[in-house]
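Enquirer: please find the sequence and the predicted model below.
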Protein chains: 2
Amino acid sequence: MVEKPAVRPGGRSARVQRAVHEAVKTLDEEVPRDKLSVPLVAERAGVTPSTIYRRWGSLKELLADVAAERLQPDAPVADTGSLEGDLMAWAGEYMEEMTSTPGQQMLADTLGSTSLEQRQRCLKAQQHQLQLILSRAEARGETPLPTVEHLLDGIMAPLTYRLSYAPQSLSNANLAQWIAATLR
Amino acid sequence: MVEKPAVRPGGRSARVQRAVHEAVKTLDEEVPRDKLSVPLVAERAGVTPSTIYRRWGSLKELLADVAAERLQPDAPVADTGSLEGDLMAWAGEYMEEMTSTPGQQMLADTLGSTSLEQRQRCLKAQQHQLQLILSRAEARGETPLPTVEHLLDGIMAPLTYRLSYAPQSLSNANLAQWIAATLR
DNA sequence: GCGTTAAAGCAAATATTTTGCGTTAGAGGA
DNA sequence: TCCTCTAACGCAAAATATTTGCTTTAACGC
């Protein structure tokens, strides 16, 4: 039911997808979540509701798709000069973004979705970013290097767990501690 | 919007709540998720849809409420004779349950809900169970003992992270490794 | 250009959600 | 025990949202 990346970015499909995604993002800032509806999004995007239902199936899946897309990193990871610094900068930014109200909403949208697919996209993106950070550390000659899996389990997992279950308990100190413990 | 524990278990409110929860649990095994609707639940529970809408607000919130309730442990934690054994038994059972299709559904229902409240209930329950396990270890004289927070970050967090993002990658070996590393 | 076809539009048929108002069950007091 | 008060429920009409069959459009490959 979910659209594969369009083969040609200029096609009609791609145009509709962009318009709909854009409409969701805009409206999400204008109306409270329980007022967001498929007909509303459709009107803003200039398409008919049935187009959205046929393509995404439901509002829930559409929101998950948009959220997963927004979670794809657009900015390259900052290079602070050390593995620990890079991790702190990158995970810190992620934490910052995800503790905000729209961030919490995005998280709920992805985690609440029925299809694993969207979540796997997010995981892939995180793995990719971490791999980049690790490669830079390797180039610097830092050693010993942890694996991506290690970083996920030691840093991203506790971070994500708290983002869902106790976001107010999160702090940079927490994060720094997980990073330090994982690199040890 | 969510019902506080009924003051009197015999009252009408409590009866309706039980009937509705029961209906959700039964129907969840009978019909595919996208066919589950408020009117359907209402009919099975013998109440009118408006009762459910007035009390829970939406199907999503009702499902989150039911899921959170199901995540409250009903069986006491097994006593295997050691902290490591108890953790493995308890977390293993949780992992087992949550990798199943209904388990994945419950997880999505709670994590996808708008209200933190339900997730906090689950966190409280996990903390309580872990505290129980720790108290037993303390009584046995095992030392040094980790904190509940440590166990959450080291074991439950990676477990939960993978349950959401890569459930197929989970194994007892993984779990055993997290437990061993956390107790070290 | 020209046929082919996947995706979009349109509108009617269903289904769900909301709402106003009457009814009922049960708590608390005389 | 009975009476009163009120929160929660039932009912049914109105408003919205969703599904569906059929038509139209636009982009791909020839």
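Expert: Alright, I've got the coordinates.

Enquirer: gap between stretch A:108-123 and the chain center?
Expert: In terms of CA atoms, centre = their mean, to the nearest Å, the centre of stretch A:108-123 is found 9 Å from the chain centre.

Enquirer: before we move on, what about stretch A:170-184?
Expert: For stretch A:170-184, the distance to the chain centre is 21 Å (CA atoms, centre = their mean).

Enquirer: in it, what's buried?
Expert: Across stretch A:170-184, burial judged by 16 or more other CB atoms under 10 Å in any protein chain shown covers A:Leu170, A:Asn174, A:Leu175, A:Trp178, A:Ile179, A:Thr182, A:Leu183. C-beta coordinates here come from the backbone N, C-alpha and C atoms, glycine included.

Enquirer: run through who's touching that stretch.
Expert: A:83-84, A:87-88, A:91-92, A:95, A:99, A:146, A:150-151, A:154-155, A:158-159, A:162-163, B:153 (CB atoms under 8 Å, 6 or more residues apart in numbering or on different chains).

Enquirer: now for A:Val77, how many residues are close by?
Expert: 17 (other CB atoms under 10 Å in any protein chain shown).

Enquirer: pull the contacting residues for it.
Expert: The contact partners of A:Val77, by CB under 8 Å, 6+ apart, come to A:Asp86, A:Ala89, A:Trp90, A:Gln129, A:Leu132, A:Ile133.

Enquirer: now which of those would you call buried?
Expert: Among the contacts of A:Val77, the ones that count as buried by 16+ other CB under 10 Å are A:Asp86, A:Trp90, A:Gln129, A:Leu132, A:Ile133.

Enquirer: any chance of the residues you listed in TSV, plus pLDDT, secondary structure and distance to DNA strand D?
Expert: Putting these into TSV (pLDDT from 0 to 100; DSSP: H, G, I helix; E, B strand; the rest coil; distance: CB to the nearest atom of the strand, whole Å) gives the following:
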residue	pLDDT	secondary structure	distance to DNA strand D
A:Asp86	97	helix	40
A:Trp90	97	helix	36
A:Gln129	97	helix	31
A:Leu132	96	helix	32
A:Ile133	97	helix	37
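
Enquirer: coming back round to it: identify, from the contacts of A:Val77, the entry nearest to chain B.
Expert: Relative to chain B, the closest of those is A:Gln129; by CB to the nearest CB it sits at 14.2 Å.

Enquirer: hang on, the earlier thing: give me the subset of the buried ones among the contacts of A:Val77 that also touch DNA strand C.
Expert: Residues of the buried ones among the contacts of A:Val77 in contact with DNA strand C (CB under 7 Å from any atom of the strand): none.

Enquirer: what residues does chain A put near chain B?
Expert: By CB under 8 Å from any CB of the partner chain, the residues of chain A that approach chain B are A:33-34, A:57-58, A:60, A:107-109, A:111-114, A:116, A:119-120, A:122-123, A:152-154, A:156-158, A:160-162, A:164-167, A:178.

Enquirer: in contact with the nearest residue to A:Gly112 once chain neighbours are set aside, which residues?
Expert: The shortest distance from A:Gly112 to any residue other than its chain neighbours is 1.7 Å, reached at B:Gly112 (CB to CB, 6 or more residues apart in numbering or on different chains). Shown in contact with B:Gly112 (CB under 8 Å, 6+ apart): A:Lys60, A:Ala108, A:Asp109, A:Leu111, A:Gly112, A:Ser113, B:Lys60, B:Ala64.
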